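Asker: sequence below, structure please.
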Amino acid sequence: MSYMEKYIENCKVILDIGANCGVETGLLSAGISSESLVDARIQIFDSVGFKYPNENKLKEIAMREVEDIVRHGLATDGEEIASMQKKELEGLLTQLAARRLGEELADVIERVENQEVRKIFDHCPATEGRTVYAFEPHNEAYLVLYNKFKRTTHVNTFNAAVSNTVGISELQYKNNDFSENRYGGSTIVPEVFRADRLGSDTSTQMVMTTTIDALNLNPDCIKIDAEGSESNILIGGKNQIVKNKPVIIFEYGSSGPPENFQPKSIEILQSYGYTRFIEAESGLDFDFRHPCSTIDIIALHEEVGPDEI
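Answerer: This is a model prediction of the structure:
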């Protein structure tokens with residue numbers, strides 16, 4: 001179980017702000033992280049001695065396989081993802097065993113089971129009342145998001161940006177930056193949209209904006225990846241955040257203007273009573289006094305103790 005899974009395991013109302021094309025939306029609705037599924041695949045590869053010369057390349061391949069599961073809405077809750085993973089296991093192991101002369105498939109499967117790799121999939125929860133509200137302002141990315149989850153009753157999609165005001169904003173984005181999985185760094189924060197970062201081939205769209213407070217959804221988890229809008233989103237959600245004390249997962253790093261969303265996001269959350277900030281990947285307490293590359297941070301309210309997680 002990853003640290004993200006640990007902290008959202010009991011969450012029932014999740015806001016996915018900056019959903020893009022919805023790969024992470026599917027994982028959030030399932031209560032599982034891409035890290036766990038990638039780690040499981042890597043363990044399977046390792047257990048049968050299947051090696052790549054470059055460990056980063058192996059992780060890249062494993063991540064691509066994970067994204068395939070949710071790319072087209074094929075699986076949107078934990079039980080579906082677990083079932084699809086288990087079905088893929090035998091075919092994967094068959095391919096790997098074929099590369100090892102004289103080794104029977106049954107022997108390979110036994111070794112994998114002995115390493116308890118399958119238990120990684122077994123813990124996937126069903127949705128059981130969990131609802132995800134996913135927000136994506138970019139029209140093309142939203143269309144992919146909508147089509148992916150239009151038949152999924154517990155995932156609700158909205159073609160809007162979340163910020164600190166209700167109204168209309170200009171969304172800036174790089175042309176020709178769309179793929180089947182995601183759209184690049186579109187933003188409603190002008191300071192983030194720098195020519196040295198995104199180049200000169202850019203366009204704009206007018207998009208609707210709303211706030212967490214205006215939505216009034218009483219979330220117990222908020223995930224934010226909004227290309228520089230983090231602090232504005234937190235400001236626009238003060239009442240709901242103070243009232244509900246949700247687990248907040250947000251992107252933090254040095255890729256944008258520090259005065260807008262780096263230390264300011266931490267300071268805003270501290271003023272709301274958040275006292276613990278954890279690196280999502282390592283589970284270590286985060287030292288925000290020093291510059292860092294972009295990472296995901298899990299913020300916990302002071303009233304959320306270890307026994308409640």
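Asker: contact partners for Ile298?
Answerer: By CB atoms under 8 Å, 6 or more residues apart in numbering, the contact set of Ile298 is Tyr3, Met4, Tyr7, Val247, Ile248, Ile249, Phe277, Ile278, Glu279, Ala280. No exception for glycine: its C-beta is placed from N, CA and C like everyone else's.
Asker: same deal with Glu303?
Answerer: By CB under 8 Å, 6+ apart, the contact list for Glu303 reads Lys245, Gly273.
Asker: helix, strand or coil for it?
Answerer: Secondary structure, DSSP: H, G, I helix; E, B strand; the rest coil: Glu303 is coil.
Asker: and Gln172, that one's in a strand?
Answerer: Yes - the assignment for Gln172 (three-state DSSP) places it in a strand.
Asker: please name the bridge partners of Ile168.
Answerer: Met208 (DSSP bridges).
Asker: which of the contacts of Ile298 fall within helices?
Answerer: Tyr3, Met4, Tyr7 (DSSP state H).
Asker: now the first one, nearest residue through space, not along the chain?
Answerer: In space, not counting the residues next to it along the chain, Tyr3 is nearest to Gly283; the distance is 4.3 Å by CB to CB, 6 or more residues apart in numbering.
Asker: picking up where we left off before, now the ones in helices among the contacts of Ile298 as TSV including pLDDT and neighbour count?
Answerer: Shown next, in TSV, are the ones in helices among the contacts of Ile298 (pLDDT from 0 to 100; neighbours: other CB atoms under 10 Å):
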residue	pLDDT	neighbour count
Tyr3	74	20
Met4	77	27
Tyr7	84	21
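Asker: between the residues you listed, which is closest to His154?
Answerer: Met4 (18.6 Å; CB to CB).
Asker: ok, the residue lying closest to that closest one once chain neighbours are set aside - contacts?
Answerer: Counting by CB to CB, 6+ apart, Ser33 is the residue found nearest to Met4 once chain neighbours are left out, at 4.5 Å. When contacts are counted by CB under 8 Å, 6+ apart, Ser33 touches Ser2, Met4, Glu5, Leu27.
Asker: got those residues as a markdown table, with distance to Arg130 columns?
Answerer: Supplementary listing: these in a markdown table, determined by distance: CB to CB, whole Å:
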| residue | distance to Arg130 |
| --- | --- |
| Ser2 | 17 |
| Met4 | 14 |
| Glu5 | 13 |
| Leu27 | 12 |
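Asker: mind checking the end-to-end distance for stretch 206-222?
Answerer: Chord length of stretch 206-222, first to last residue, is 25 Å (CA to CA, to the nearest Å).
Asker: and stretch 217-224, by the same measure?
Answerer: The first and final residues of stretch 217-224 sit 16 Å from each other (CA to CA).
Asker: residues of stretch 7-25 that come out buried?
Answerer: Within stretch 7-25, the residues that qualify as buried are 7-8, 11, 13-25, counting by 16 or more other CB atoms under 10 Å.
Asker: need the max-distance pair from the residues you listed.
Answerer: Tyr7 and Cys21 (24.2 Å).
Asker: can you pull out the helices in the stretch 201-309 of the chain?
Answerer: Per DSSP state H, counting those that start in this stretch, the stretch 201-309 of the chain has helices spanning 212-215, 230-235, 238-244, 258-261, 263-271. These are given in chain order.
Asker: could I get those as a markdown table with mean neighbour count, mean pLDDT and distance to Lys57?
Answerer: Output for the helices of the stretch 201-309 of the chain, formatted as a markdown table (neighbours: other CB atoms under 10 Å; pLDDT from 0 to 100; distance: least, CB to CB, whole Å):
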| stretch | mean neighbour count | mean pLDDT | distance to Lys57 |
| --- | --- | --- | --- |
| helix 212-215 | 20 | 97 | 39 |
| helix 230-235 | 25 | 92 | 31 |
| helix 238-244 | 17 | 97 | 40 |
| helix 258-261 | 17 | 45 | 32 |
| helix 263-271 | 18 | 88 | 33 |
